[in-house]
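# kindly generate the corresponding structure for this input.
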Amino acid sequence: MISLIKREILSQLRKNGLNLNGSKLKVCPWIPKGENIETDGIGNTFLLELPNEADPLLEQNAKINRNIIKTAQNLTSVIEKIENFQLESNNILRIKVNFDAIVQNVLSAKSLFECDVDSKQKIIVEFSSPNIAKPFHVGNLRSTIIGNSIANILKFKGHTVIRMNYLGDWGTQFGILSLAFDSFGDEKKLQSQPLNHLFEIYVQGNRRKSIT
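Down below sits the predicted model:
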């Protein structure tokens with residue numbers, strides 16, 4: 001979807017005198033910043049950044065800036081899938097995609113999203129499985145999201161899916177923690193910040209080949 005919009009934007013920009021290499025256009029999700037965060041548009045708004053080669057043109061020719069704004073106004077009528085399109089800065093365009101138009105587009109082409117499975121299987125998808133001696137971190141979250149996505153795809157294809165988050169293998173971690181506490185442990189820190197202190201000594205103990 002965003003690639004279709006990107007191609008149309010390129011076409012319009014070229015018509016307005018800004019001939020750019022499409023492969024150099026960067027597209028990323030729009031994430032609001034600041035104290036008073038604007039939530040409307042999160043998830044269906046993208047930033048399209050023009051390449052550095054466009055900077056001299058944008059700086060030297062005010063007409064091109066006006067043409068980009070004109071392009072933004074025209075695109076809303078040209079592409080029904082764009083709800084809003086504005087100039088964020090000299091070389092960054094903010095594009096808000098119309099969710100309803102996308103849903104209708106998907107429904108009208110639903111046959112493209114269907115699939116046949118020759119043989120249905122029982123599949124185990126193991127994901128996350130964090131080290132319980134360490135705090136849960138973004139890497140665990142990432143693998144959880146990826147694993148759940150894989151499980152959803154397999155389920156959609158008709159397979160029987162078992163999601164598994166294995167929290168075994170405690171012996172090594174707790175053995176290291178026990179020995180590390182004998183060498184590096186601090187009862188006061190354990191009382192005031194138990195999880196942080198246990199993680200701290202676990203890392204220390206794990207780095208040493210032997211604890212005496």
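# list the helices and strands the helix or strand encompassing residue 149 packs on?
Taking DSSP states H and E as the criterion, residue 149 maps to helix 138-156. If you count contacts as 3 or more C-beta pairs under 8 Å, 6 or more residues apart in numbering; DSSP states H and E, helix 138-156 packs onto strand 122-126, strand 160-164. For every residue, glycine as well, the C-beta is placed using N, CA and C.
# okay, the last one in PDB with CA atoms only?
Included here for strand 160-164 are C-alpha records, laid out as PDB according to Å, rounded to 0.1, in the frame of the first residue of the first chain:
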ATOM      1  CA  THR A 160      -3.100 -26.700  14.700                       C
ATOM      2  CA  VAL A 161      -0.700 -24.400  16.400                       C
ATOM      3  CA  ILE A 162       0.600 -24.800  20.000                       C
ATOM      4  CA  ARG A 163       2.300 -21.600  21.300                       C
ATOM      5  CA  MET A 164       5.000 -22.300  23.800                       C
END
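# ok, that strand: who's next to it in the sheet?
Paired with strand 160-164 in the same sheet, following DSSP bridges, are strand 122-126 (parallel).
# quick check: residue 186 touching residue 197?
Yes. Taking contacts as C-beta atoms under 8 Å, residue 186 lies within contact range of residue 197: 6.6 Å.
# these two: which is more packed in?
residue 197 (19 against 13; other C-beta atoms under 10 Å).
# surely the more buried one is in a helix?
Yes. Counting by DSSP: H, G, I helix; E, B strand; the rest coil, residue 197 is located in a helix.
# and the helix holding residue 149, what's buried?
The neighbour-count check on helix 138-156 (16 or more other C-beta atoms under 10 Å) flags 140, 143, 144, 147, 151, 154 as buried.
# now stretch 124-134
125, 127, 128, 129, 130, 133.
# convert the C-alpha atoms of it to CSV, please.
Extracted in CSV, the C-alpha atoms of stretch 124-134 (Å, rounded to 0.1, in the frame of the first residue of the first chain):
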residue,chain,number,x,y,z
ILE,A,124,4.7,-26.0,18.0
VAL,A,125,5.9,-22.4,17.9
GLU,A,126,8.3,-21.6,20.8
PHE,A,127,9.1,-17.9,21.3
SER,A,128,10.4,-15.5,23.9
SER,A,129,11.6,-18.1,26.5
PRO,A,130,13.4,-15.4,28.5
ASN,A,131,16.3,-16.1,30.9
ILE,A,132,14.5,-15.9,34.2
ALA,A,133,17.7,-14.7,36.0
LYS,A,134,17.6,-11.5,34.0
